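K.L.:
can you look at this prediction? I've put the sequence above it.
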Amino acid sequence: MNFLFAWRYFRSKKSTNVINIISWISIIAIMVGTAALIIVLSAFNGFEGLIKSMYGDFYSDVKVMPAQGKFMEITPAQLAAIRQNKLVDKTSLLLEEKAVLVNGEIQTIVLIKGVDSNYNHLSGVKNHLDAAGNFDLGTVDTPAIVLGGGIENSIQSYVNMEHPLTIYLPNRNASSFTDLQTAMNSFNIRHSATFRIQEEFDNKYAFTNIGFVRYMLDLPENVYSNIDVKLKPGVNADKVKKELSAVLGNSFKLQTRYEQNQSLYSVMQMEKWIIYIILSLILVIAAFNMIGALTMLVLEKRKDIAILKALGANDKLVQNIFLSEGFLLAIIGGGLGMIVAFIVCLIQIVYKPVKLTGGSFLVDYYPVKINIFDFLLVGATVFVVAVLASWVPARKAATKFFSLKS
């Protein structure tokens, strides 16, 4: 019944057109605010998904590291326990160390990652290689290196150039580190490919085979820097982390992909919520229009209120009628805004008309991802705004005395 009264009041002619104008301004403001919120949140979802996919190509689902120090010793039994876990799909063994890479008189410091043959099954680095070259890491005797794009530029190297690069790694058996000739082991290495994922990776990392790094560092066979673990689809990483921690003990530290990049993900979430709060101010502005429209409607329908009370209607019924009027404005505006936002996002997903300028990003258009949670969140926000905006005029209509002669 409340919505029936509210619908009739919305459709009926008013004594002055300004009431209708203000009502439609409220609807349009709510529609614009709703559409803007959903579109911007969808764009954030798109960028977040793109960044997570880039980091997902570089970081594993779960990473096993030493609890202390740079290297860890893992027994065959412990390694078998990881691989035999039913939720684990693949594992890859890695050795990491800082190295100096030299091309003639040009040199730079890189973080070299020695990986085994399983690494390609866990990582998507191979999907980000330049057209020239392939993910060839060579052998212990004839090593090859895959460089990040930033490193390639800094040392002015290129794939399969005539002369090899020279790599210097720490000599762990050196008695003194004052003499660089004895403190570092050097070896010629071929530049086989270049990857470009994200500036943070491109300027820092290079890949070669784990056997070569082990030989250069003179490490035992059962010593590693970390183990990358790929999980089966749909598996909860935190659950696997707890299971593997129970098996491996306190000598190892395990991190999920989120924990490996916790600061990044936290910043992205914070930015998204800040934008949500800022754009919600549009709905707050719409609330002021709604308050004005409902207040004028109460004055317009004061004789109707007097008649309803004369027929036995209590204050709650009258209040609910005007609350419903506010909900009706919010439903119309919010519903139209959601439809507009869905259509705009769908057009961007299919046709990509809105482009990114500069040409320095991985994609040349704004990535958009529609999430039902955003629609529910914005819908709840519109509902709260409608309640707060409708309460004052609805309460006034219920408690103020109106006479048929007024």
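P.N.:
Done, it's in.
K.L.:
only C-alpha atoms for contact and neighbour calcs from this point on.
P.N.:
OK.
K.L.:
neighbours of residue 112, how many?
P.N.:
Residues near residue 112, counting by other C-alpha atoms under 10 Å, number 26.
K.L.:
can you tell me the element the residue most central in space within the chain falls in?
P.N.:
With distances taken as C-alpha atoms, centre = their mean, residue 48 lies nearest the centre of the chain, 2.8 Å away. Using DSSP states H and E, residue 48 sits in helix 17-58.
K.L.:
next, the buried residues of stretch 20-27.
P.N.:
Within stretch 20-27, the residues that count as buried by 16 or more other C-alpha atoms under 10 Å are 20, 22-27.
K.L.:
next, format those as a markdown table and append pLDDT and distance to residue 394.
P.N.:
What follows is these, written out as a markdown table (pLDDT from 0 to 100; distance: C-alpha to C-alpha, whole Å):
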| residue | pLDDT | distance to residue 394 |
| --- | --- | --- |
| 20 | 76 | 18 |
| 22 | 77 | 17 |
| 23 | 82 | 15 |
| 24 | 85 | 19 |
| 25 | 85 | 19 |
| 26 | 86 | 16 |
| 27 | 89 | 18 |
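K.L.:
run through the helices of the stretch 301-406 of the chain in chain order.
P.N.:
For the stretch 301-406 of the chain, the helices defined by DSSP state H, counting those that start in this stretch occupy 302-310, 315-351, 372-399.
K.L.:
among the ones you listed, which is nearest residue 108?
P.N.:
helix 315-351 (41.1 Å; C-alpha to C-alpha).
K.L.:
each with direction, which strands does the longest strand along the chain pair with?
P.N.:
Among the segments of the chain that qualify as a strand by DSSP state E, the longest is strand 88-103. According to DSSP bridges, strand 88-103 forms sheet pairs with strand 106-115 (antiparallel), strand 165-170 (antiparallel), strand 226-231 (antiparallel).
K.L.:
follow-up on the earlier one: quick one: closest of the helices of the stretch 301-406 of the chain to residue 37.
P.N.:
helix 372-399 (7.1 Å).
K.L.:
how about the helices in the stretch 151-300 of the chain?
P.N.:
Using DSSP H, counting those that start in this stretch, the helices of the stretch 151-300 of the chain run over residues 180-183, 199-202, 210-217, 237-248, 257-260, 262-300.
K.L.:
could you dump those to JSON lines with distance to residue 38?
P.N.:
Shown next, in JSON lines, are the helices of the stretch 151-300 of the chain (distance: least, C-alpha to C-alpha, whole Å):
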{"stretch": "helix 180-183", "distance to residue 38": "58"}
{"stretch": "helix 199-202", "distance to residue 38": "30"}
{"stretch": "helix 210-217", "distance to residue 38": "47"}
{"stretch": "helix 237-248", "distance to residue 38": "30"}
{"stretch": "helix 257-260", "distance to residue 38": "25"}
{"stretch": "helix 262-300", "distance to residue 38": "9"}
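K.L.:
returning to that earlier point: counting contacts, what elements does the helix holding residue 48 pack onto?
P.N.:
Under the contact criterion of 3 or more C-alpha pairs under 8 Å, 6 or more residues apart in numbering; DSSP states H and E, helix 17-58 touches helix 262-300, helix 315-351, helix 372-399.
K.L.:
which is the next helix or strand following it?
P.N.:
Helix 17-58 is succeeded, C-terminally, by strand 62-66 (DSSP H and E).
K.L.:
past that following strand, which element shows up next along the chain?
P.N.:
Once the chain leaves strand 62-66, the next helix or strand it forms, by DSSP H and E, is strand 72-73.
K.L.:
that following strand pairs with which strands, and in what direction?
P.N.:
strand 223-224 (antiparallel).
K.L.:
could you give the mean pLDDT of the partner strand?
P.N.:
Averaged over strand 223-224, pLDDT sits at 96.
K.L.:
ditto for stretch 116-130
P.N.:
Averaged across stretch 116-130, pLDDT comes to 93.
K.L.:
ok, stretch 389-400 next?
P.N.:
82.
K.L.:
so residue 81 touches residue 245, yeah?
P.N.:
No: applying C-alpha atoms under 8 Å, one finds residue 81 not in contact with residue 245, separated by 10.9 Å.
K.L.:
on that earlier part again, turn the helices and strands packed on helix 17-58 into CSV, columns for mean neighbour count.
P.N.:
Converted to CSV, those look like this (neighbours: other C-alpha atoms under 10 Å):
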stretch, mean neighbour count
helix 262-300, 17
helix 315-351, 20
helix 372-399, 19
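K.L.:
columns distance to residue 86 on top of those helices, output as JSON lines?
P.N.:
JSON lines is the format used below for the helices and strands packed on helix 17-58 (distance: least, C-alpha to C-alpha, whole Å):
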{"stretch": "helix 262-300", "distance to residue 86": "27"}
{"stretch": "helix 315-351", "distance to residue 86": "37"}
{"stretch": "helix 372-399", "distance to residue 86": "32"}
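K.L.:
which stretch among the ones you listed approaches residue 222 most closely?
P.N.:
helix 262-300 (29.7 Å).
K.L.:
circling back: any idea which of the helices of the stretch 301-406 of the chain gets closest to residue 137?
P.N.:
helix 315-351 (37.7 Å).
K.L.:
what helices or strands is the closest one leaning on?
P.N.:
If contacts are counted by 3+ C-alpha pairs under 8 Å, 6+ apart, helix 315-351 sits against helix 2-11, helix 17-58, helix 262-300, helix 302-310, helix 372-399.
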